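Trainee: got a structure for you, letters missing:
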């Protein structure tokens, strides 16, 4: 047991990564508190409008479509640590401004939209930088573990953040929660400043050609990268809209308050944390079949959750749904990160962020509209169906391209075998 725990948290032995993880955990807990606070504030100000909730999500993620590739270019060209320092300062200032507006009672719905857009701009530039910065914190052999622990940090914050936010919103209101988040940005700033630059695993020289189109051409030549990118576009856009779907489920289906919304999000995050820790044991690049299988499992679980007859049934179903969600996201992330040339990592990860988060402004308003017109459960089952069908389509296309044969054995025990023709080392990487 002790050996297994040591392997799970091996990357934390590295001081720079330990500083990064601790700063991120503090900041992300409070950032999730702010997400819940903003979602609840929008519902209160709009009269429980699913469309308004979808719009505020769209404004947060619209900049991803426009700026994330540029953020990847910055990551490949400039010092990632300094870029992250600048992003956290910007977040601190914006959250402070939003908190002042809400606490003073001067905030209107359009103010929330504007701040959501500005926060989204910073997020679009920061995310590809942060994603690619992890590879500079640990040696290559520890990168799968570091990526999984980063996901565990993210999802651990999703457990604590919403649970705390629900109580604080009920006691003090959304403005206090947003103010706490503003102060929390000091933690990652201090952590980044305390890092030892000499112990970062940086390339000996920065690439001279960091044009975005070169990154796109590189990715287009790599079908092994295109599959997880395409799958995450569909699943992320349709299936990962839980701030909308769970808010509508809590408030309109089960007629509960912010505490129940926070509990639903927390149950999802409990499963997500378990999925991230399960992924931390991985020491090699996951196969395409792992990615597709995780997507199919997530889709099936989300469909079942959509038809949960009671609040507590939905809460329990969200645990395995969260597990599958993060296991999928981690498998896709690791398949991309561990297969990319370091010279293109920033731009390729920006493309990953673009298809993963950039699909939200395309689909989020539609999911919110479906919640109003078809019913608040529809966002969940439509998202699950999209993930399931996307996984099936990806598997079918891959089988056709690779002349894959499927064998079903009954004896000595039932099992399904996927048989692929022998391929060269280059083809096997794809």
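Mentor: The structure has been received and is ready for your questions. Everything numeric in this text was worked out from a predicted model, so none of it was measured.

Trainee: for this protein, longest helix please?
Mentor: For the chain, the longest helix by residue count, based on DSSP state H, is helix 15-46.

Trainee: and after that one, which helix or strand comes next?
Mentor: Helices and strands here follow DSSP states H and E; after helix 15-46, the next one along the chain is helix 50-77.

Trainee: what's that following helix packed up against?
Mentor: helix 15-46, helix 109-137, helix 212-220, helix 242-248, helix 345-357, helix 360-373 (3 or more Cβ pairs under 8 Å, 6 or more residues apart in numbering; DSSP states H and E). C-betas here are computed from N, CA, C, even on glycine.

Trainee: and the angle for the longest helix of the chain with helix 50-77?
Mentor: 160 degrees (axes from the mean of the first three to the mean of the last three Cα atoms, to 10 degrees).

Trainee: Would you mind checking the average pLDDT for helix 15-46?
Mentor: Averaged over helix 15-46, pLDDT sits at 87.

Trainee: can you give me the offset of it from its chain's centre?
Mentor: Offset of helix 15-46 from its chain centre (Cα atoms, centre = their mean, to the nearest Å): 13 Å.

Trainee: Same check on stretch 69-83?
Mentor: Relative to its parent chain, stretch 69-83 has a centroid offset of 19 Å by Cα atoms, centre = their mean.

Trainee: gap between the two ends of it?
Mentor: 15 Å (Cα to Cα, to the nearest Å).

Trainee: can you check stretch 278-292 too?
Mentor: Taking Cα to Cα, stretch 278-292 runs 17 Å from one end to the other.

Trainee: Can you give me the buried ones in that stretch?
Mentor: 278, 279, 280, 282, 285, 286, 288, 290, 291, 292 (16 or more other Cβ atoms under 10 Å).

Trainee: Check what pLDDT residue 303 gets.
Mentor: 95.

Trainee: what helices or strands is the helix or strand that it is a member of leaning on?
Mentor: Here residue 303 sits within helix 288-306, counting by DSSP H and E. In terms of contacts (3+ Cβ pairs under 8 Å, 6+ apart), helix 288-306 is packed against helix 223-239, helix 311-337, helix 378-402.

Trainee: That helix relative to helix 223-239, how many degrees between them?
Mentor: Interaxial angle, helix 288-306 versus helix 223-239 (the same axes, to 10 degrees): 10 degrees.

Trainee: Tell me what angle helix 288-306 forms with helix 378-402.
Mentor: Going by the same axes, to 10 degrees, helix 288-306 makes 160 degrees with helix 378-402.

Trainee: List the buried residues for helix 288-306?
Mentor: Across helix 288-306, burial judged by 16+ other Cβ under 10 Å covers 288, 290-306.

Trainee: Tell me which residues are up against it.
Mentor: The set of residues external to helix 288-306 that reach it, using Cβ atoms under 8 Å, 6 or more residues apart in numbering, is 224, 227-228, 231, 235, 239, 314, 317-318, 320-321, 324-325, 327-328, 331-332, 335, 377-378, 380-381, 383-392, 394-395, 398, 418.

Trainee: Could you identify the buried members of these?
Mentor: 224, 227-228, 231, 235, 239, 314, 317-318, 320-321, 324-325, 327-328, 331-332, 335, 377-378, 380-381, 383-388, 390-391, 394-395, 398.

Trainee: re earlier: now the buried residues of stretch 278-292 as a markdown table including pLDDT and distance to residue 191?
Mentor: Shown next, in a markdown table, are the buried residues of stretch 278-292 (pLDDT from 0 to 100; distance: Cβ to Cβ, whole Å):
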| residue | pLDDT | distance to residue 191 |
| --- | --- | --- |
| 278 | 82 | 26 |
| 279 | 77 | 23 |
| 280 | 72 | 21 |
| 282 | 72 | 26 |
| 285 | 82 | 29 |
| 286 | 86 | 29 |
| 288 | 86 | 35 |
| 290 | 90 | 32 |
| 291 | 92 | 31 |
| 292 | 93 | 36 |
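
Trainee: what residue lies at the spatial centre of this protein?
Mentor: residue 329 (7.0 Å; Cα atoms, centre = their mean).

Trainee: got the buried residues of stretch 278-292 as CSV, with distance to residue 149 columns?
Mentor: Below are the buried residues of stretch 278-292 laid out as CSV (distance: Cβ to Cβ, whole Å):
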residue, distance to residue 149
278, 12
279, 9
280, 6
282, 11
285, 17
286, 16
288, 24
290, 19
291, 20
292, 24
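
Trainee: Which of those residues sits closest to residue 353?
Mentor: residue 291 (16.9 Å; Cβ to Cβ).

Trainee: pLDDT weak spots in the chain?
Mentor: Counting by pLDDT under 70, the low-confidence segments of the chain come to 1-7, 155-156, 158-159, 203-209, 358, 360-361, 402-409, 411, 413-430.

Trainee: distance between the helix holding residue 303 and the chain's centre?
Mentor: Centroid displacement of helix 288-306 relative to its chain, using Cα atoms, centre = their mean, is 16 Å.
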